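J.: predicted model and sequence below, questions to follow.
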Amino acid sequence: MKLLYFLDFFHFKQAGMSVTGLDYFAWEMGPVPKVLFDELSGNMRPDMKDTINELPPEKFQQIRPKKKFDNKYFSKREMKLLKDISFIFRDTKADDMVESTHLKNEPWDRTLKEKGKFQKIDYMLSIDSEIGSLSYDEAKERVGEISEVYQLFGAD
């Protein structure tokens, strides 16, 4: 789930929207997309059961795909991010990945300090002055535009 977090927050930083549409919460072990966590923890929909195998948990839950990856659901930007993230974390152990989500002043850390445990992490916290990042105003404008489209067309 940490890789999904990186995908969503890196994409938001560049485009002003997440890839998955998931909301993440500041749990003790890091950012958690609660809806997905709950589904994987026992309320799995049939379409999810058809695509993944749950492996017996050791220290953490493991899932493996039943079907081959299909990139038709991803934009070019999303595919590039998927490749970049898989390259960055290809040899990373789970404990190291936990540490990378807990870096000082990153979205999880700031949410935990400012709002407390189990609170929603605001995607806007990913906006910074790095090259490739939208400005705060650009991101806010895109969030507003996307929200308006959802309201017009009845999507969540």
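T.: Ah, there it is.

J.: from now on I want contacts and neighbour counts done on CA atoms only, so please keep to that.
T.: Will do.

J.: just the strands in the chain please.
T.: Counting by DSSP state E, the chain has strands at residues 25-27, 30-32, 52-55, 62-65.

J.: next one: the longest helix that the chain contains to chain centre, how far?
T.: For the chain, the helix with the greatest residue count under DSSP state H is helix 136-153. What separates the centre of helix 136-153 from the centre of its chain is 19 Å, taken as C-alpha atoms, centre = their mean, to the nearest Å.

J.: what comes up buried for that helix?
T.: If you call a residue buried by 16 or more other C-alpha atoms under 10 Å, then helix 136-153 has these buried ones: 136, 139, 142-143.

J.: from the contact counts, what lies against that helix?
T.: Under the contact criterion of 3 or more C-alpha pairs under 8 Å, 6 or more residues apart in numbering; DSSP states H and E, helix 136-153 touches helix 2-15.

J.: quick one: mean pLDDT for the helix it packs on?
T.: Regarding helix 2-15, the rounded mean pLDDT is 95.

J.: what's the offset of that helix from the middle of its chain?
T.: The answer for helix 2-15 is 5 Å, by C-alpha atoms, centre = their mean.

J.: what's it packed up against?
T.: strand 30-32, helix 76-89, helix 94-101, helix 136-153.

J.: give the pairing partners of the shortest one; include direction for each.
T.: Partner strands and pairing direction for strand 30-32 (DSSP bridges) are strand 25-27 (antiparallel).
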